[in-house]
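# Show me how the following folds:
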Amino acid sequence: MALNNFNAQRKRSAKKLGNLRLLKIHFHRLRHWKATTEYYETKDIIHVMKLLGHKNIANTLIYTQLIEFEGDEYYSAIASSVDEAKKLIESGFEYVCNHENVMLFRKRK
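Modelled structure (predicted):
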């Protein structure tokens, strides 16, 4: 059912936009894209495995080899108040933990 809806929508979009290249996009490609980006964001292969409904992790590992991942290099920052933490989060940092009354944050380089 979902595949039929996808195909119909793809055809309508290609016609409306006058872009026949949209017909070359297949449903499975979107599944690969979602799995790859989800792994890139979370680095949690078990999460991706559950998202895709795989029973065997070997099937899920195929998706992680589609893109080159950046190194594990981060900018780090500390915040000693809620306002400082809010500013860091708004600028793309992610919270890591508390240590000695300060909050530690990181952001990929």
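# so where is the chain shaky, pLDDT-wise?
Scanning the chain for pLDDT under 70 picks out the ranges 1-3, 64-72.
# what ranges do the helices span in it?
Assigned by DSSP state H, the chain shows helices spanning 2-17, 27-42, 45-52, 57-61, 82-90.
# Which segments of this structure make up each domain?
2-65, 74-108 (automatic domain parsing).
# Check the offset of the last one from the chain's centre.
In terms of CA atoms, centre = their mean, to the nearest Å, the centre of domain 74-108 is set 21 Å apart from its chain centre.
# Please apply the same query to the first one.
Relative to the centre of its chain, domain 2-65 is centred 12 Å away, using CA atoms, centre = their mean.
# mind putting the domains of the chain in TSV, mean neighbour count included?
Bear in mind the C-beta positions are built from the backbone N, C-alpha and C, glycine included. TSV is the format used below for these (neighbours: other CB atoms under 10 Å):
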stretch	mean neighbour count
domain 2-65	13
domain 74-108	13
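# rewinding a little: closest one to residue 76 among the helices of the chain?
Distance to residue 76, taken as CB to CB, is lowest for helix 82-90 among these, at 10.1 Å.
# got the contact list for the closest one?
77, 79, 95, 103, 105 (CB atoms under 8 Å, 6 or more residues apart in numbering).
# where's the fourth one relative to residue 76, distance?
Counting by CB to CB, to the nearest Å, the gap from residue 103 to residue 76 is 11 Å.
# on that earlier part again, any chance of the helices of the chain in CSV with distance to residue 99 as columns?
Below are these laid out as CSV (distance: least, CB to CB, whole Å):
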stretch, distance to residue 99
helix 2-17, 46
helix 27-42, 23
helix 45-52, 26
helix 57-61, 33
helix 82-90, 13
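# partner residues bridging residue 97?
When assigned by DSSP bridges, residue 97 has beta-bridge partners residue 104.
# gap between it and residue 76?
From residue 97 to residue 76 the distance is 12 Å (CB to CB).
# Cool, thanks, signing off.
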